[in-house]
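K.L.:
need a 3D model of the following:
(one chain, ligands or ions: 2)
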Amino acid sequence: MDRLPCVLTIAGSDSGGGAGIQADLKTITMLGGYGASVITALTAQNTAAVTGIHAPSAKFVALQLKTVLDDIKVDAAKTGMLFSAPIIEALAALLEKKTFPLVVDPVCVATSGGKLLQDDAVEAMVDRMFPLADLLTPNLPEAELFTGMRIESREDVFLAGKLLLKMGPKAVLIKGGHADSLAVTDWYMTPGADPIPFMQRRVDTDCTHGTGCTLSSAIATGLARGLDMGAAILRGQEYLNLALRSGYRLGEGGGPVNHLAPWTKERARGDVLTSVDDFGRRLAARPGLRDMLPRGRANVAVAVPFADSLRDVAGFSGGFITSARGMVDVVGYPEFGASARAASLLLSARRVRPELQCAMTLAGGEPVLGALKALNMEMAWMDWEGRPDYVTGEDGRFEEWGGLEALKDHAAPETVRALGDPGGLGREPTVYVLAPDMGELVAVLREIADELAENPDEV
Ligand SMILES: Nc1ncnc2c1ncn2[C@@H]1O[C@H](COP(=O)(O)OP(=O)(O)OP(=O)(O)O)[C@@H](O)[C@H]1O
Ligand SMILES: Cc1ncc(CO)c(N)n1
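P.N.:
Ligands and ions are numbered 1, 2, ... in the order given. The predicted model follows:
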C-alpha cells in the first residue's frame, strides 16, 4: 500500500463530535489523507453549547507536536482552536521550522456561541501564528475582530483582506458563510493580486456545526495531496457543500455536517445500477406498452442521493425502443451518465424537489395525457417556444432548462407528477413521469398502463 499523505491537525476536541479535532480527522480520512492530531484543549461540548474547557499545559501541547514531528513526515497541517497565548507561543516556536504548508483557521467562537480563544490570546494569534500561515481562513466575525473594522460590503471584505495580509499570512480566504446571500462566496486574497471569489450554492440548513473546521482540514488535505492552493480550496468547498447538503440533526442545536456523504453516495451507486437493471427486465417482460412509450428513444433516469451531475444519474446506455407490437427492447446496459435527456430533466427537477430520485420518458400523445388527466396526476409543461437562444435541443440542454423553469413557475411544484415537452417540428411530444423512488415509479407506470388498457392487471 502506498503511503497516505499525512495531515496534522492542531486543534481542540469537540466531545459532540461535529467540530474540532473530530471533524478534522473525519475530513482528512474521507479525502484520502492520514490524520495525526495535537490536541490543544478539551471542550465539553454538544450541538447546543460549550459547557466547559480544559486545556493541558502549553508544555504538554508542545510535547505532542514535537513528538509527532520527530517521527512522522507531515505533508500539510492546519490549526483550529488554539485557546490561550501560552499554547500559541509554544506551538509557534516549533512551527517556525516547519517545511510543510500550514492552514490557520483562527477559531474564536463556536457556532453555538462558546468562546474558544481567550481575549488575551488574540495578540499572540496575530503576532505568532498569522506569519506562519500559507492560508488564513477567518469567517466574517473573525475578520472583523482581527482587523478592528466593521464588514458590511464587498469593499469592506477586500479592505479587511488587505489588512489581514499585512499581518503576515501568504494568503487569506475570508469565508462568507455568515453573510446573507443566495450563493456563499469565500474571497481568496494574496498580496498584490485581485481578490478571487470562490462560490458555492448556499445550503438552506442550520446544520452548520463544524463547517469552518471541515473546510480548513479539507484544504490542508488537498495541499498534502499535492494540489495547488486554488484547487485545494475548490475541492474543499465541494466536499463541504455535499456534507452540508446531507447534514442532519443530532441534538437540540445545529447539527453537524455529514462527513461521510461522499462514501454514502458512492455506496448507493451499486444499488442504483441494480434497480435500473431490474426495472429494464420488468419493462421488457410487459407486452402492450405501445401507447405508453414514445416512438423514438425513451429512458429511465435514477439518481444516487445528493446527485449533482450526469455522472450521478444512471439509465440504459441505449435506452428503450418499442417494437410495432408494443414490446419494449431494452438497449445496452445500466450505466451512469447514460440518459442525457431524462437525467438532465431529473437533475433540474431536483433543484426544486430534491426528494425526486427517478424519471422516465413516456409518449406525449393523447393516450398518456388522457390517462394522466383521468388519474388526476398534476403536470407542468416545458416551454420549447420560450427557450433562450443558448438552449438547444441537444444533450438534454432543453430538459435541463425547461424542467427547472416549469417547476419554478408552477404554483405548487410539490404536487407535480409529470413534466411535459409539447414537442414541435421534428420533435416528438414526450412526458417525463417523476418519482421519489423506484417503487413509486413502477406504481405510477402501472396506474397509467391500467388506465390505458382499462385492465387492472397490466404492467
Ligand atoms: N449555509 C451554507 N451553505 C453553503 N456553504 C456554507 C454555508 N454556511 C457556511 N458555508 C461555507 O462553509 C465554510 C465555513 O464558513 P463559515 O463562515 O460558516 O465558517 P466558520 O464560522 O468558521 O465555521 P464554524 O461553524 O465551524 O465556526 C465556508 O466555505 C462557507 O462558504
Ligand atoms: C473544539 C472546537 N473547535 C472549533 C469549533 C468551531 O466550530 C468548535 N465548535 N469546537
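
K.L.:
and the chain, what are its domains?
P.N.:
6-259, 263-453 (automatic domain parsing).

K.L.:
which one of those domains lies nearest to ligand 2?
P.N.:
The closest of those to ligand 2 is domain 6-259. By CB to the nearest ligand atom, the value is 2.8 Å. Quick note: C-beta positions are derived from backbone N, CA and C, even for glycine.

K.L.:
start and end of that closest one, how far apart?
P.N.:
Using CA to CA, to the nearest Å, the end-to-end distance of domain 6-259 comes out at 19 Å.

K.L.:
make 44 the first number, not 1, from now on.
P.N.:
Done: numbering now begins at 44, and the last item shifts to domain 49-302.

K.L.:
so for it, what's the average pLDDT?
P.N.:
Mean pLDDT, domain 49-302: 96.

K.L.:
coming back round to it: buried deepest among the domains of the chain, which one?
P.N.:
domain 49-302 (a mean of 20; mean count of other CB atoms under 10 Å).

K.L.:
quick one: that domain to chain centroid distance?
P.N.:
How far domain 49-302 lies from its chain's middle: 19 Å, per CA atoms, centre = their mean, to the nearest Å.

K.L.:
just checking that domain against ligand 2, any contact.
P.N.:
Yes - for domain 49-302 and ligand 2, the contact criterion (CB under 6 Å from any ligand atom) is met by 54-57, 62-63, 86, 88, 123-124, 150, 153-154, 159, 253, 255-256.

K.L.:
those in helices, which ones?
P.N.:
Secondary structure from DSSP state H places G63, G255, C256 of these in helices.

K.L.:
can you pull the contacts of the residue of the stretch 244-393 of the chain found nearest ligand 1?
P.N.:
Closest residue of the stretch 244-393 of the chain to ligand 1, CB to the nearest ligand atom: G255 (2.4 Å). Shown in contact with G255 (CB atoms under 8 Å, 6 or more residues apart in numbering): A62, G123, D148, V150, T180, N182, K218, G220.

K.L.:
residues in contact with the fifth one?
P.N.:
With CB under 8 Å, 6+ apart as the criterion, the residues that contact T180 are V146, V147, D148, P149, V215, L216, K218, G255, L258, S259, I262.

K.L.:
now the fourth one: how far from A402?
P.N.:
Looking back up the chat, that one is P149. 46 Å (CB to CB, to the nearest Å).

K.L.:
and the fifth one, by the same measure?
P.N.:
When distances are taken as CB to CB, V215 and A402 turn out to be 44 Å apart.

K.L.:
following the top helix by length along the chain, which helix or strand comes up?
P.N.:
In terms of residue count, the longest helix belonging to the chain (DSSP H) is helix 304-327. Moving toward the C-terminus from helix 304-327, the next helix or strand (DSSP states H and E) is strand 343-346.

K.L.:
show me what that next one is packed against.
P.N.:
Other helices and strands packing on strand 343-346, by 3 or more CB pairs under 8 Å, 6 or more residues apart in numbering; DSSP states H and E, are helix 304-327, strand 356-359, helix 383-395, strand 401-406.
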